[in-house]
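Visitor: based on what follows, work out the 3D shape:
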Amino acid sequence: FKDMVGLKLSERNNKYALKKLVPDFPLADKFVSGDIDTDIAIHTIAFCWEQIDIIGSLSEHSVLEIDNESYRTAWAGRMSDAAECLDTLNLESREKKETNSLAARCRAFLVNWNPEKIYEYLDEYISGQKEAKIEFSHLCYEHVARIANLDLHIKKSNYVMYGPTGCGKTELARVIRNILPVPIEIIDSSIITQNGFKGPEKESIMFDLANTQPDIEYGIIVMDEFDKLCIPSFDSSGSNVHAVVQGELLKMIEGTKLYKYSEVCTKEMTTENITFICAGAFTGAFKKEIKSGLGFGSTDIDLSAGKNITQCLEDFGMIPELAGRICSVIPLNELEEDDLYEILKNKKDNCIENINKLYKAAYSSEVKFTEDALREICRKARNNGLGARGLGGIVENVCHANRGRMRSEKGHVLNITEDMVKRAYI
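Guide: Numbering: from 1, shown residues only. Below you'll find the model as predicted:
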């Protein structure tokens, strides 16, 4: 239809031609200004021309030469029909855009999910850590509610999530990103350098995220290994460079505009709506392990007794200004052997499922573990201090060390025993 009448509404000069063609059309100015979507304009004009049956005459004349009184009379008679058609198409377009908008996705999430359902979803993948999963479920739900109601100007909150290696801090973020309508990303805080020094600066990291996640300005960012920035590190001049980096991160975490300058253009983004989670081991910040002098094990004492969160973080090495921006902490405990066993036996997307997917694809074979073998794997991971993170490495090492036992025929089963686990090099 566009080719026949010579109109290309995406080009401004032809929009002016359209206005001259239909001077009596009440919304012609909107076509020219670009306030109406091109596809909607095409459908609307097609509707009008079809109604007054002038397509035949248009094919014989150029767009700018038409000046026929009967045409104008016919057009005026269909103005109300055209306006009604345009209103309908505009409404459908707005509804379609609203459905795809971030706010609409957030509102849909709030209808279909609640903190209890989020907790149940996390529990399918993550073993133990009941309190942490409850707190994290509420954190994410409240963040989505805030993004769905930006017009209320609700102030954002920032958190500290702490626990030993392999307890599930980053796994919480990886699992929940499957259902959240907003991005949730994990960055390595320990590699951030102060402005002007060699290495990734906060601006470059944030704009790299924005390139892959357009909605990151409304997302959640987990700053993993943040406790490393709280450990003093001095340069040759005696300046604590980690404290300097914390100071540069302060405004970003609090909420500010970031700029990235280049010869071509200046990019801008805001962190005012991003929830930041400072994650890490934070060993000794809130609890400290005291070894018994009699050799009967150890005891955890609560160092936060009589202190608030800010004081605990300051004592650990976080600068006071940044510590004051942290509203709450989410503690995770070290996983026990039973928790690790629960992961291998009952949790979704565990390392045994993954190795079976690999061996099925590569060898058309299946891997099975005896109960004793699973227990031995959990003991090794617990003793190595790697927690759930160590399970995958142990399972892969054991399977790879024994894959020579697999026969070439399809459907073969590789049975892993406790003795195989003990003999495998870990």
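
Visitor: what's the helix or strand for Val222?
Guide: strand 220-224 (DSSP states H and E).

Visitor: next SSE downstream of that strand?
Guide: Next element after strand 220-224 (DSSP H and E): helix 241-254.

Visitor: quick one: buried residues of that following helix?
Guide: Neighbour counts over helix 241-254 (16 or more other CB atoms under 10 Å) mark Val241, His242, Ala243, Val244, Val245, Gln246, Leu249, Met252, Ile253, Glu254 as buried. The C-beta positions use only the backbone N, C-alpha and C, and glycine is treated the same way.

Visitor: by pLDDT, give me the weakest of the residues you listed.
Guide: The lowest pLDDT within those belongs to Val241, with 83.

Visitor: if I read this right, it contacts Ile231, doesn't it?
Guide: No: if you go by CB atoms under 8 Å, Val241 and Ile231 don't touch, sitting 11.0 Å apart.

Visitor: and the strands in this structure?
Guide: Secondary structure of the chain, counting by DSSP state E: strands at 159-162, 184-188, 220-224, 257-261, 266-270, 275-280, 287-291, 298-302, 328-331, 366-369, 413-416.

Visitor: pull up the pairing partners for the first one, direction included.
Guide: Taking DSSP bridges as the criterion, strand 159-162 pairs within the sheet with strand 275-280 (parallel), strand 328-331 (parallel).

Visitor: residues contacting the longest one, please?
Guide: The set of residues that contact strand 275-280 without belonging to it, under CB atoms under 8 Å, 6 or more residues apart in numbering, is 139, 143, 156-162, 169-170, 173, 189, 219-228, 252-253, 326, 330.

Visitor: filter those to the buried ones?
Guide: 139, 143, 156-162, 169-170, 173, 189, 219-228, 252-253, 326, 330.

Visitor: can you tell me how far Ala243 is from Ser236?
Guide: Noted for Ala243: a distance of 16 Å to Ser236, by CB to CB, to the nearest Å.

Visitor: could you tell me the per-residue confidence at the closest residue to Met223 other than its chain neighbours?
Guide: Once flanking residues are discounted, Met223 sits nearest to Ser189: 4.4 Å by CB to CB, 6 or more residues apart in numbering. Note on Ser189: pLDDT of 88.

Visitor: measure Ser189 to Tyr159 for me?
Guide: Ser189 sits 14 Å away from Tyr159, going by CB to CB.

Visitor: now do Ile326
Guide: According to CB to CB, Ile326 and Tyr159 sit 7 Å apart.

Visitor: next, count neighbours for Ala210.
Guide: Residues near Ala210, counting by other CB atoms under 10 Å, number 17.

Visitor: wait, it touches Met269, no?
Guide: Yes: using CB under 8 Å, Ala210 makes contact with Met269 at a distance of 5.5 Å.

Visitor: name the residues contacting each of those two.
Guide: Ile216, Glu217.

Visitor: can you pull the poorly scored residue ranges out of the stretch 51-200 of the chain?
Guide: By pLDDT under 70, the low-scoring segments of the stretch 51-200 of the chain are 51-100, 194-200.

Visitor: again, 50 this time
Guide: The model of the stretch 51-200 of the chain has pLDDT under 50 over residues 51-67, 71, 75, 78-79, 82, 85-86, 88-89, 91-92, 94-96, 98-99.

Visitor: in stretch 360-372, which residues are buried?
Guide: Residues of stretch 360-372 classed as buried: Tyr363, Ser365, Val367, Phe369 (neighbour count, 16+ other CB under 10 Å).

Visitor: typed the wrong thing, it's stretch 414-426
Guide: By 16+ other CB under 10 Å, the buried positions in stretch 414-426 come out as Leu414, Ile416, Thr417, Glu418, Met420, Val421, Ala424, Ile426.

Visitor: can you redo those residues as TSV with distance to Asp349?
Guide: Shown next, in TSV, are those (distance: CB to CB, whole Å):
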residue	distance to Asp349
Leu414	21
Ile416	20
Thr417	25
Glu418	25
Met420	24
Val421	22
Ala424	23
Ile426	23
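
Visitor: need the max-distance pair from those residues.
Guide: Leu414 and Ile426 (18.0 Å; CB to CB).

Visitor: run a quick neighbour tally on Asn240.
Guide: 16.

Visitor: again, but for Thr256
Guide: 12.

Visitor: these two touch, right, it and Ile274?
Guide: No: at 10.4 Å, Thr256 and Ile274 do not qualify as touching, with contact defined as CB under 8 Å.

Visitor: re earlier: closest to Val398 out of the strands paired with strand 159-162?
Guide: Closest approach to Val398 among these (CB to CB): strand 275-280, 29.9 Å.

Visitor: got the angle between the closest one and strand 220-224?
Guide: If you take axes from the mean of the first three to the mean of the last three CA atoms, to 10 degrees, strand 275-280 sits at 20 degrees to strand 220-224.

Visitor: then strand 275-280 to CSV, C-alphas only?
Guide: In CSV, the C-alpha atoms belonging to strand 275-280 read as follows (Å, rounded to 0.1, in the frame of the first residue of the first chain):
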residue,chain,number,x,y,z
THR,A,275,19.5,-2.2,45.4
PHE,A,276,23.1,-3.0,46.2
ILE,A,277,24.0,-6.1,48.3
CYS,A,278,27.5,-6.1,49.7
ALA,A,279,28.3,-9.8,49.9
GLY,A,280,31.3,-11.6,51.3
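
Visitor: now that strand: mean pLDDT?
Guide: Averaging pLDDT along strand 275-280 yields 94.

Visitor: buried sites along it?
Guide: For strand 275-280, burial by neighbour count (16+ other CB under 10 Å) applies to Thr275, Phe276, Ile277, Cys278, Ala279, Gly280.

Visitor: and for Asn149, the neighbour number?
Guide: 14.

Visitor: that one and Glu142, how far apart?
Guide: Asn149 sits 11 Å away from Glu142, taking CB to CB as the criterion.

Visitor: what do you get for Lys202?
Guide: Distance, Lys202 to Glu142, by CB to CB: 25 Å.

Visitor: more crowded one of these two?
Guide: Lys202 (22 against 15).

Visitor: ok, the more buried one - contacts?
Guide: For Lys202, the contacting residues are Ile192, Glu248, Leu249, Met252, Leu258, by CB under 8 Å, 6+ apart.
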